[in-house]
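Engineer: okay, predicted coordinates and the sequence, questions at the end:
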Number of protein chains: 2
Amino acid sequence: MNAEIIAVGSELLTPHRQDTNSLYLTEQLNDLGVEVRFKCIVGDDREGLTAAAKLAMRRSDIIIVSGGLGPTEDDLTREAVADALGLELRRDPEIAAKLEERFAKRGMKMSANNAKQADVLTSAAALPNSLGTAPGQWIGGKYDGQERLLMLLPGPPYEMKAMFEAECIPRLRARVPVQHIATRTFKMAMMPESQVDARVAPIYKTYTDVETTILAGAGEIQLHLRCRKDSQPEAEARVEELSEKIEDELADSIFSRKGETIEQIVSYLLQMRSMTLAVAESCTGGLLAERITSIGGSSRYFLGGAVVYSNELKTQFANVPKALIDQHGAVSREVASAMAEGIRKRCVSSYGVGITGVAGPGGGSEQKPVGLVYIALAGEEGTQVVERNFPGDRKRIRQFATQQALEMIRRALL
Amino acid sequence: MNAEIIAVGSELLTPHRQDTNSLYLTEQLNDLGVEVRFKCIVGDDREGLTAAAKLAMRRSDIIIVSGGLGPTEDDLTREAVADALGLELRRDPEIAAKLEERFAKRGMKMSANNAKQADVLTSAAALPNSLGTAPGQWIGGKYDGQERLLMLLPGPPYEMKAMFEAECIPRLRARVPVQHIATRTFKMAMMPESQVDARVAPIYKTYTDVETTILAGAGEIQLHLRCRKDSQPEAEARVEELSEKIEDELADSIFSRKGETIEQIVSYLLQMRSMTLAVAESCTGGLLAERITSIGGSSRYFLGGAVVYSNELKTQFANVPKALIDQHGAVSREVASAMAEGIRKRCVSSYGVGITGVAGPGGGSEQKPVGLVYIALAGEEGTQVVERNFPGDRKRIRQFATQQALEMIRRALL
């Protein structure tokens, strides 16, 4: 079965707010074996919402509408869904009485507009709201000959979650066929998306029963596998078989099999080998240190480092000879090496990293364009330097450069 | 005119990823006086995307589709939109040649699947992609008798933004009727949201024709004003009047009036006063240096710094006496001061910052709980230290601590 989520509210169509309810709902639905096929965001606009609900009823098995159930004039979900489904709204005397009671308890008189929260679609079951005033609604039945499940839920996340958990999950569990789903995630660093795809597509394409998704970030590719079968062992076996072939193909390019970040993997490896790390950064300006120390407990293997933006500090903190900078320039293979070796020596660490480059937008030249970065790793076995020309803006170049450094550390520790 | 944004990508229908492009696009469209009426999120699903594009062409004046323009089999936006509009795709030889050249420049051979990025809809203008391989497309014309503007943009945010700014905004400006909208943004650091609202709500509530929104982040509050009138001077005058009252109330708590980040403001102030900066970070692990150097040209005032995670490095790079650490502990007012003064001396900078604290999740004690951070600023006039107990997780505590440091630098420079 597949689902569609409609988030209602004009504030969700401004530059400042985002629908987050759908992330929670997607996770819950996926656990039940239901895929989300569409998400829509509609303002407090009766006509627009009616059209969105009609379309959803045509194309999706399960429709969840969140928001627009409150007492104000802007709250139009009930009316719009009634229009879309050709149903009437009737005022539920029991709910109306409860609403009045709720206000009375707080010593307030219920205003007339609040009463509309007791309007329920004919054929709908009202869903009690333990944390707010607006009840939800549940409708199941045929629509244009197709079996459909429709839920109206409140917009505030804590009300929505409590209601979905208490009222909707048990109902869905009784109606959605039991699913057996197996999943795997692989992550690779510093490989182009097209290269990963060219290598693994011939493999995963022969597994038409396993859904394979490739996600690309700055210097990171994720491969998600997902398989659904009549039994759990069957699903697991199928995903496992494909996984083994992908692992054979990509081998040690894969840094993570369980969703870990590359910072976490570097953390595991350094601790496993009882190694320590120090970094000297120029163009990345502290981003590498920041990424490494984003892991709790990183003080066990990360000693520290220097952000050596000025040439003087390259000499003072990372022992780079002034003559070397004068001869080759601050952005050079030689200076990157010297930074890695110098910081390793100064911090007495197992490994030292040196990064120097042109992050832009200014500072580039024909010989040394924006995006040119040297990344060096010094260890007991010697020093390696990589020269790269990274695409993108300052932020992306810095992200790429630190990703390259983390990947070099990881490979050195394998 | 109204707009609809369609974000394409199966990853946006998982619990792990969210469409963020639409926030930027909404902001840009609003500036042009265009309201966003619908947002849709569709997977890599040709049929679903075709239906979404058809619906959008029926109900919206401007349609922006982002994502699905890459080289993989999953990238189906071109094909789906061609289906929806009843148009053909033709391979553009010029674009194909440029793609090949791009690969050749990096010493790579272009794989066959990359060529489909040169497929352009008949009647569309190709939009050059300065930061990636996939060009965008622009189509304007009648659809079912209605004037429509349709844009296909790449999914990666930095590519999408660069293309929208360079290619789409000028085209939209020439086609969207001129609107008269005046806006103001105020930003404040390290003030609680409730405090800001208590002070300014009595003012802005008397301006019912100016839309006022308060947004809260980690250590930062934003206040957005927006007013639409029949003429620009009228809109500006009204927003200006309210702005002056808000500025009187919040005074120098406001760090930005034009949307600048606090990093940018600190950058302006340091350059204006010809001052330089160096930082010594423990618990923030390089985040402060990273935020400062995220600004292009920061080498003019930022000399560098040290990430002194270990006690030895606090002594070696920031001149903190070992005895001081032994006496007060690494997380103490005294050590923060010594770090700020030490790094200032070592780097010969106008200002020095020292940060030491417990970012968690481990490492806290009854005396020094997770969230306790000392932030010191040393300058010619002496050294000030602030002790704070920040709420939240490791990431949030580090964000708060660096925000506090930036606010201290800003206030020192006023």
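Structural biologist: Nice, I can see it.
Engineer: please, where are all the strands along the stretch 1-150 of chain A?
Structural biologist: A:2-8, A:35-42, A:62-66, A:89-91, A:119-121, A:125-127, A:136-143, A:146-153 (DSSP state E, counting those that start in this stretch).
Engineer: then the stretch 151-300 of chain A?
Structural biologist: A:180-189, A:210-217, A:220-229, A:254-256, A:277-281.
Engineer: of these, which stretch is the most buried?
Structural biologist: strand A:277-281 (a mean of 32; mean count of other Cβ atoms under 10 Å in any protein chain shown). All C-beta spots, glycine's among them, are computed from the backbone N, C-alpha and C.
Engineer: that one packs against which elements?
Structural biologist: Counting contacts by 3 or more Cβ pairs under 8 Å, 6 or more residues apart in numbering or on different chains; DSSP states H and E, strand A:277-281 is packed against helix A:287-293, strand A:302-308, helix A:311-318, helix A:333-347, strand A:351-357.
Engineer: return the most buried member of the ones you listed.
Structural biologist: strand A:302-308 (a mean of 30).
Engineer: what mean pLDDT does that one get?
Structural biologist: What strand A:302-308 shows for mean pLDDT is 96.
Engineer: same question, stretch A:187-203
Structural biologist: Taken as a whole, stretch A:187-203 has a mean pLDDT of 94.
Engineer: over to stretch A:234-254?
Structural biologist: 97.
Engineer: which outside residues touch that stretch?
Structural biologist: Residues external to stretch A:234-254 that are found in contact with it (Cβ atoms under 8 Å, 6 or more residues apart in numbering or on different chains): A:180-184, A:186-189, A:191, A:196, A:199-200, A:203-204, A:207, A:209-210, A:212, A:223, A:225-229, A:411, A:414.
Engineer: can you check stretch A:391-403 too?
Structural biologist: Contacts of stretch A:391-403 (Cβ under 8 Å, 6+ apart): A:189-190, A:218-220, A:262, A:283-285, A:287-288, A:291, A:355, A:357, A:359-361, A:370-371, A:373, A:375, A:388, A:390, B:131-132, B:158, B:162, B:294, B:296.
Engineer: same deal with stretch A:22-30?
Structural biologist: With Cβ under 8 Å, 6+ apart, stretch A:22-30 has contacts from A:3, A:5, A:7, A:35-36, A:39, A:62, A:64, A:66, A:157, A:160-161, A:164-165, A:169, A:181, B:13-15, B:18.
Engineer: and those residues, which are buried?
Structural biologist: A:3, A:5, A:7, A:35-36, A:39, A:62, A:64, A:66, A:160-161, A:164, A:181, B:13-15, B:18 (16 or more other Cβ atoms under 10 Å in any protein chain shown).
Engineer: any chance of the strands of the stretch 151-300 of chain A in a markdown table, plus distance to B:Phe103?
Structural biologist: A markdown table is the format used below for the strands of the stretch 151-300 of chain A (distance: least, Cβ to Cβ, whole Å):
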| stretch | distance to B:Phe103 |
| --- | --- |
| strand A:180-189 | 20 |
| strand A:210-217 | 17 |
| strand A:220-229 | 18 |
| strand A:254-256 | 25 |
| strand A:277-281 | 30 |
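Engineer: lowest-confidence stretch among those?
Structural biologist: Minimum mean pLDDT among those: strand A:210-217, a mean of 87.
Engineer: from the contact counts, what lies against that strand?
Structural biologist: helix A:193-204, strand A:220-229, helix A:232-250.
Engineer: which one of these is the most hemmed in?
Structural biologist: Highest mean neighbour count of those: strand A:220-229, a mean of 20 (counted as mean count of other Cβ under 10 Å).
Engineer: quick one: distance of it to the chain centre.
Structural biologist: 14 Å (Cα atoms, centre = their mean, to the nearest Å).
Engineer: list of residues touching it?
Structural biologist: Contacts of strand A:220-229 (Cβ under 8 Å, 6+ apart): A:33, A:179-189, A:191, A:193, A:196, A:200, A:204, A:207, A:209-216, A:235, A:238-239, A:242-243, A:246, A:262, A:403, B:14.
Engineer: dump it to CSV, keeping only the CA atoms.
Structural biologist: This file holds the C-alpha atoms of strand A:220-229, laid out as CSV (Å, rounded to 0.1, in the frame of the first residue of the first chain):
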residue,chain,number,x,y,z
GLU,A,220,29.7,11.1,-0.1
ILE,A,221,27.5,8.6,-1.9
GLN,A,222,24.8,6.5,-0.1
LEU,A,223,23.3,3.3,-1.5
HIS,A,224,20.0,2.2,0.1
LEU,A,225,18.6,-1.3,-0.5
ARG,A,226,15.1,-2.3,0.6
CYS,A,227,13.4,-5.6,-0.1
ARG,A,228,9.9,-6.8,0.7
LYS,A,229,8.9,-10.4,0.8
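Engineer: could you check the angle that strand makes with strand A:35-42?
Structural biologist: 120 degrees (axes from the mean of the first three to the mean of the last three Cα atoms, to 10 degrees).
Engineer: list the strands paired with strand A:220-229, with their directions.
Structural biologist: strand A:180-189 (antiparallel), strand A:210-217 (antiparallel) (DSSP bridges).
Engineer: could you check how far the last one is from the centre of its chain?
Structural biologist: Centre-to-centre, strand A:210-217 and its host chain are 13 Å apart (Cα atoms, centre = their mean).
Engineer: return the backbone torsion pair for A:Pro154.
Structural biologist: phi -70, psi 160 (degrees, to the nearest 10).
Engineer: what's it in contact with, if anything?
Structural biologist: A:66-67, A:69-70, A:129, A:132, A:134, A:136, A:160, A:163.
Engineer: with distance to chain B and pLDDT added, can I get the residues you listed in a markdown table?
Structural biologist: Listed next are those as a markdown table, based on distance: Cβ to the nearest Cβ, whole Å; pLDDT from 0 to 100:
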| residue | distance to chain B | pLDDT |
| --- | --- | --- |
| A:Ser66 | 14 | 97 |
| A:Gly67 | 13 | 95 |
| A:Leu69 | 20 | 94 |
| A:Gly70 | 19 | 88 |
| A:Asn129 | 24 | 92 |
| A:Gly132 | 21 | 84 |
| A:Ala134 | 23 | 88 |
| A:Gly136 | 21 | 97 |
| A:Met160 | 15 | 96 |
| A:Met163 | 19 | 97 |
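Engineer: inside helices: which ones of the residues you listed?
Structural biologist: If you go by DSSP state H, the contacts of A:Pro154 have A:160, A:163 in helices.
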